[in-house]
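**Student:** Got a sequence here, can you model it:
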Amino acid sequence: MDLTLFFALLGGLLVLAFVANRLVRFTRVPDVIILMATGVLIGPVFHWVKPDIFRGATHGLGTLALILILFEGGLDLKLREILRHFGAGFFLSLFSYLLCMGAVAGVCRLRLHLSWLDASLIGAVLGCISSSIVFPVLQQIHLRREVKVTLLVEASLGDAFAVLAVTTLLNVASGGSVAPKTVAWSLASSLILAVAGGTLAGMLWSYLLPFLSDERFWHVLTFAAVLLVYAGVHFLKGNELVSVLVFGLTLGNLPVVRKRLHLEETTAADWFEEMPVKSAGGRPVDEFQQEQMLTFHGELAFLLRTFFFVLLGMLVDYQGIRKHPWLALLCFAAIMAARVVAVEAGRLGWRTFSALERELMVWFVPRGLITAVLGIDVLEARGSGFEFLPSLAFAIILLTNITLLIGSVRARNLPASEPETETTEAAPA
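**Tutor:** All right, here's what the predicted structure looks like:
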């Protein structure tokens, strides 16, 4: 492709992403759907771009976009809301994932006559929702905070469950033996390390920000800190994605915690001292910095996720999907049935949710980056017997994002939400 034409295409995609983002308030169709559909058109349909050129960059670009989306989401969340709805979100995430995994494994066992171990590997790949898709969509749909935070907690933990399950099953398939206690401890330790690492890093960076914010490019330095938190927690065998979310959550909530604990009047030697610097509007520097971080990282996430979702649409392998159309449909039906059971089983956890809100929780099951990546990992580890899995993963990604579109349209029937007092919606990324 001519370089000038390539740049024109990139510019056109960004204009399309901006327009689609602004039209959300009128159409209620998430811009993620439009971006993926655009990728399908310029790739598999019209062949304007050869997807194989970008196949190697998809993993890194998608992971980077996911890191920024999680960090931005953490900045916008309130600690009180997370603590209040963590139990419901954790239950929904774990129970829904296990049910989806078991249902898909049963379909693959009956349809492909695989062993339970191989069938469970497929279920583990297809079982979790994608936080890289759920987070931006929830920013653009007007749900009550209780519903939104529950879904945010579920999406944040879903990737962790999927990675742990696939890793454990691959270890068993290679001849290893994993006891239930070992699996439980691995999950608990990874989450503890993620929360501890993200919290400590957030406390440290909150302390350093007043000294760094007068320097040029301090936003880039904060972005570097986010990447270092991700890499450091991964090195320590913790859940790096959860650590990035907790890092943003800590930065966004420490000013409130300090005020509630009356730590703003401590001496200059205190770790959480609030510097006597004021912004142009007379607000404390912490609040001003948070707004700036949200703006910078939100725009950077907007740039990266635009290209990622277009690439995801371009990389859909329709020839592979045609080979197993009934398998894809049956796996999709199993996922939806398991989701209905999970939502209805947890009604005691969200007793204040209306019937329509529970219905929306059923529709919000998109698969994305983590599903595609894990499918490729299983293929590389298990060989040609799983060569159908990447195509099956793309089919499930496509089908579950259609259900996301249905849920977004159904959300138009929700009553107008009351003005939020404790938190402010972030600008759509």
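
**Student:** Okay, now the unreliable bits of the stretch 301-429 of the chain?
**Tutor:** Confidence mapping of the stretch 301-429 of the chain against pLDDT under 70 gives the ranges 316-321, 416-429.

**Student:** just the helices in the stretch 51-200 of the chain please.
**Tutor:** Taking DSSP state H, counting those that start in this stretch as the test, the helices found in the stretch 51-200 of the chain are 55-76, 79-112, 116-126, 131-140, 145-173, 180-212.

**Student:** how about those, which one is nearest residue 232?
**Tutor:** Closest approach to residue 232 among the helices of the stretch 51-200 of the chain (CB to CB): helix 180-212, 6.5 Å. No exception for glycine: its C-beta is placed from N, CA and C like everyone else's.

**Student:** What is the distance between that closest one and the centre of its chain?
**Tutor:** For helix 180-212, the separation from the chain centroid amounts to 18 Å (computed by CA atoms, centre = their mean, to the nearest Å).

**Student:** Distance-wise, check residue 40 relative to residue 393.
**Tutor:** Distance of residue 40 to residue 393, computed by CB to CB, to the nearest Å: 16 Å.

**Student:** Of those two, which one has the most company?
**Tutor:** residue 393 (28 against 18; other CB atoms under 10 Å).

**Student:** Excluding chain neighbours, what is closest to residue 334?
**Tutor:** Using CB to CB, 6 or more residues apart in numbering and skipping the chain neighbours, the partner closest in space to residue 334 is residue 103 (3.7 Å).

**Student:** neighbours of that neighbour, just the number please.
**Tutor:** Neighbour number of residue 103 under other CB under 10 Å is 23.

**Student:** got a list of what it touches?
**Tutor:** Contact analysis of residue 103 by CB atoms under 8 Å, 6 or more residues apart in numbering lists 123, 334, 335, 337, 338.

**Student:** What count of nearby residues applies to the first one?
**Tutor:** When counting by other CB under 10 Å, one arrives at 30 neighbours for residue 123.

**Student:** Same question for residue 182.
**Tutor:** A count of neighbours around residue 182, defined by other CB under 10 Å, yields 12.

**Student:** Also residue 367?
**Tutor:** 30.

**Student:** Would you agree it is in contact with residue 397?
**Tutor:** Yes - contact criterion CB atoms under 8 Å: residue 367 and residue 397 qualify, at 4.6 Å.

**Student:** which residues are common contacts for these two?
**Tutor:** With CB under 8 Å, 6+ apart as the test, residue 367 and residue 397 both reach residue 130.

**Student:** Would you state the helices of the stretch 201-350 of the chain in chain order?
**Tutor:** Counting by DSSP H, counting those that start in this stretch, the segments of the stretch 201-350 of the chain that form helices are 218-235, 240-260, 285-314, 318-323, 325-345.

**Student:** Mind checking those for the one nearest to residue 69?
**Tutor:** Nearest to residue 69, of all the helices of the stretch 201-350 of the chain, is helix 285-314, at 5.2 Å by CB to CB.

**Student:** so how far is the closest one from its chain's centroid?
**Tutor:** Between the centre of helix 285-314 and the centre of its chain there are 13 Å (CA atoms, centre = their mean).

**Student:** and that helix, what other elements does it pack with?
**Tutor:** helix 3-27, helix 31-40, helix 55-76, helix 131-140, helix 180-212, helix 218-235, helix 240-260, helix 369-382 (3 or more CB pairs under 8 Å, 6 or more residues apart in numbering; DSSP states H and E).
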